[in-house]
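Colleague: what's the 3D shape of this:
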Amino acid sequence: MTQGARIDRVGEEFREILAEEIPKLKDPRVGFVTVVGVKVSPDLRHARVAYTSMGDDKAKAGTRAALRSARPHLRAVIGRQVRLKYLPELEFEEDTTYEQGRRIDELIAGLHRAEDER
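Modeller: Numbering: from 1, shown residues only. All right, here's what the predicted structure looks like:
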């Protein structure tokens, strides 16, 4: 569902800035992160950043904590590059779409195996 042209453009701009800035973070807890998308609230005061990261649960927890602690810095970077009346509060959410898709594929493959065994 589209949020509106301006809000979509702002979200895409935030996504590009964060995708460039997150790999530059010096926190060793940050793993390989891909910024999938940014949803900005209609009042432009909140932004939900969807990301994927590689690694086991411990590595993902470290990445989550590092992104949480880097929010003020990332917010300041956005403020330097985008002219807006308000800087949005950033909220990071891990995108689990890939894992959900893989789980669905496993279920479908299991159904096909069950049909073949009949």
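Colleague: Give me the residue ranges of this protein where confidence is low.
Modeller: Along the chain, the parts satisfying pLDDT under 70 run over 1-3.
Colleague: can you rerun that using 80?
Modeller: 1-3, 118 (pLDDT under 80).
Colleague: what are the ranges of the helices in this protein?
Modeller: 5-21, 57-69, 71-81, 97-117 (DSSP state H).
Colleague: So which of those helices is nearest residue 43?
Modeller: Using C-beta to C-beta as the measure, helix 5-21 is the one of the helices of the chain that comes nearest residue 43, at 9.6 Å. Yep, even glycine has a C-beta here, placed from its N, CA and C like the rest.
Colleague: quick one: terminal-to-terminal distance for stretch 32-48?
Modeller: When the termini of stretch 32-48 are compared using C-alpha to C-alpha, to the nearest Å, they are 19 Å apart.
Colleague: any idea how far it is from the chain center?
Modeller: Between the centre of stretch 32-48 and the centre of its host chain there is 7 Å, according to C-alpha atoms, centre = their mean, to the nearest Å.
Colleague: got the contact list for it?
Modeller: Applying C-beta atoms under 8 Å, 6 or more residues apart in numbering, the contact partners of stretch 32-48 are 3-4, 7, 10-12, 14-15, 18-19, 22-23, 49-55, 63, 67, 84-86, 88-91, 93, 95, 97.
Colleague: Out of the helices of the chain, flag the one nearest residue 30.
Modeller: Judged by C-beta to C-beta, the one of the helices of the chain that comes nearest to residue 30 is helix 57-69, at 4.5 Å.
Colleague: now what about that closest one, what contacts it?
Modeller: In contact with helix 57-69 (C-beta under 8 Å, 6+ apart) are residues 22, 25, 27, 29-31, 33, 49, 51, 53, 55, 74, 92, 94.
Colleague: quick one: which of those residues is nearest to residue 108?
Modeller: Relative to residue 108, the closest of these is residue 94; by C-beta to C-beta it sits at 24.0 Å.
Colleague: Look up which residues are beta-bridged to that closest one.
Modeller: Beta-bridge partners for residue 94, by DSSP bridges, are residue 51.
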